[in-house]
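Participant: Here you go, sequence then predicted model.
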Amino acid sequence: MRTVSSLLFASGVLAAPFSNAVPHIDWLDCHDAVPAVLPLEFPTANVSALPSTLHCGQIKVPMDYSRPISAENNITVGLAMYRPENPKGLLFYCPGGTDAGAVIPWQIALDLNGNFLPNFTGLLEYDIMVMDIRGTWSSNPLNVSLDLVSPLLGYYPASNNRSEYEAYLAATTMMWQSWANLSSSGLLGHLGTREVVQDYDAIRTALGYEKIHFLGVSYGSYRAAQYAATFPERVGHFVLDAVVPHGLSIEEQVKDDIIALNRGLDRADAFCQNNNTCYWHHAGRGSVQAAWSTLLARAANGTLAACDTPVNCTSFIPEWALQATLAGLLAGQPDFPQLLELLAVTYMGNGTALASSSPLTLDQVWSLPIICQDRPIPDKSFAGFQKMAKIAKSVRTFG
């Protein structure tokens with residue numbers, strides 16, 4: 001059974017013992033607090049001579065904000081900051097999801113360009129704080145048996161098969177129990193955005209600012225909006241990008257997600273019509289969507305080969321796996337040339353690229369319990385599942 005359990009800092013630095021209820025940051029030597037992802041993403045980064053603008057720290061906050069912080073009710077949140085002399089104010093940045101946050105000030109301070117890093121030009125006169133969201137990276141990372149998670153990712157039962165659904169529900173129950181058993185005691189129930197914005201405000205208090213500015217991207221926009229609603233008197237300038245809206249029912253969220261996939265496939269088709277290297281460039285508008293529908297039909301009837309040639313192939317890509325792959329390829333900032341190449345190769349009979357997958361890692365699944373705290377499913381009955389499947393089908397344009 002594969003499990004993962006570490007603080008995920010390159011070193012094992014811990015904050016000072018809990019002392020009182022006033023939020024305060026324990027500042028660390030950044031040489032001893034190198035984020036685990038830094039050497040992986042930037043192997044040539046020089047971490048021996050660090051600039052004075054880079055600061056690393058940890059703060060103890062209540063695990064459960066409905067109770068006072070105490071020796072039994074606290075967790076440690078890891079953070080890093082870019083801190084110029086005489087800052088004009090405090091800027092929080094949340095990159096979204098469960099992305100590594102504390103590495104961002106390292107990128108800014110060391111001038112390391114990376115995927116999806118905003119251009120902070122014009123903002124370097126501000127204190128810039130980025131934390132690792134509770135339950136991830138250096139902030140009491142959650143743990144789970146990946147063997148229990150892997151079979152559930154992307155897969156969903158047939159909407160007309162009750163026994164298949166009940167088996168799936170039982171498997172998810174085992175997975176959630178694994179999260180609870182292998183993570184810090186009690187943490188699994190306190191991972192929502194309502195707790196996260198309290199963590200942000202504890203950091204604001206510890207830094208001595210009356211107001212903060214906030215840049216939130218993707219799920220970071222959800223957290224920024226929640227902070228503004230919870231602490232309106234603390235709000236400075238807020239910028240929300242790739243907004244995740246509040247107030248949607250689970251039914252509306254399902255529709256939104258599938259419509260977004262439809263729109264992503266439209267964008268892929270538009271890219272294809274303007275790029276003569278695309279396999280369907282000369283086939284005309286809508287050809288990518290038509291090809292996708294063909295692939296889905298082949299997957300549904302069990303003929304989409306997962307081999308390099310359909311001849312004598314005994315392994316096939318199921319429909320749910322094909323749909324999950326497309327969702328992954330269209331997430332974030334899609335690489336349309338890569339997506340179209342993968343679809344074309346599969347369309348021509350070589351399904352190995354779409355069938356292959358890298359080993360699952362813990363950071364890829366932290367979002368499951370975290371987002372489920374914000375977006376609970378009220379009706380987990382088979383009838384409720386059928387209702388959701390019907391809603392999804394009503395807006396699924398392509399296949």
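Facilitator: Structure's in. What do you need? What you see is a predicted model, and the numbers here were worked out from it, not measured in a lab.
Participant: since we're on the residue nearest to residue 113 when sequence neighbours are not counted, how many residues are nearby?
Facilitator: Leaving aside its chain neighbours, residue 113 sits nearest to residue 107 (7.5 Å; criterion: Cβ to Cβ, 6 or more residues apart in numbering). All C-beta atoms are positioned from the backbone trio N, CA, C, and that covers glycine. Per other Cβ atoms under 10 Å, the neighbour tally for residue 107 reads 21.
Participant: and residue 107, what does it touch?
Facilitator: Going by Cβ atoms under 8 Å, 6 or more residues apart in numbering, residue 107 touches 42, 113, 114, 117.
Participant: Report the central residue of this structure.
Facilitator: Nearest residue to the geometric centre of the chain (Cα atoms, centre = their mean): residue 97, 3.1 Å.
Participant: So the residue nearest to residue 113: helix, strand or coil?
Facilitator: Judged by DSSP: H, G, I helix; E, B strand; the rest coil, the three-state class of residue 107 is helix.
Participant: Distance-wise, check it relative to residue 373.
Facilitator: Look at residue 107 and residue 373: by Cβ to Cβ, to the nearest Å, they are 28 Å apart.
Participant: what's the answer for residue 365, then?
Facilitator: 14 Å.
Participant: For the two, indicate the residue with more neighbours.
Facilitator: Neighbours were counted for residue 365 and for residue 373 using other Cβ under 10 Å; residue 365 has more, 20 against 17.
Participant: Count the neighbours of residue 378 for me.
Facilitator: When neighbours are defined as other Cβ under 10 Å, residue 378 has 7 of them.
Participant: got the contact list for the nearest residue to it once chain neighbours are set aside?
Facilitator: Leaving aside its chain neighbours, residue 378 sits nearest to residue 250 (7.1 Å; criterion: Cβ to Cβ, 6+ apart). Residues near residue 250 by Cβ under 8 Å, 6+ apart: 375, 376, 377, 378, 388.
Participant: If I look at residue 250, what pLDDT would I see?
Facilitator: Looking at residue 250, its pLDDT is 87.
Participant: ok, so what distance separates it from residue 149?
Facilitator: Taking Cβ to Cβ as the measure, residue 250 falls 21 Å from residue 149.
Participant: Give the burial count for residue 81, as a bare number.
Facilitator: 26.
Participant: correct me, but it touches residue 109?
Facilitator: No - if you go by Cβ atoms under 8 Å, residue 81 and residue 109 don't touch, sitting 9.1 Å apart.
Participant: what is in contact with these two at once?
Facilitator: Common neighbours of residue 81 and residue 109, using Cβ under 8 Å, 6+ apart, are residue 54.
Participant: Could the C-alpha coordinates of the helix or strand of the chain with the lowest mean pLDDT be exported in CSV?
Facilitator: Least confident helix or strand, the chain: helix 352-355 with a mean of 84, by mean pLDDT, DSSP states H and E. Extracted in CSV, the C-alpha atoms of helix 352-355 (Å, rounded to 0.1, in the frame of the first residue of the first chain):
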residue,chain,number,x,y,z
THR,A,352,-1.1,4.5,-26.6
ALA,A,353,-0.6,8.2,-25.9
LEU,A,354,-4.0,8.7,-24.4
ALA,A,355,-4.0,5.4,-22.7
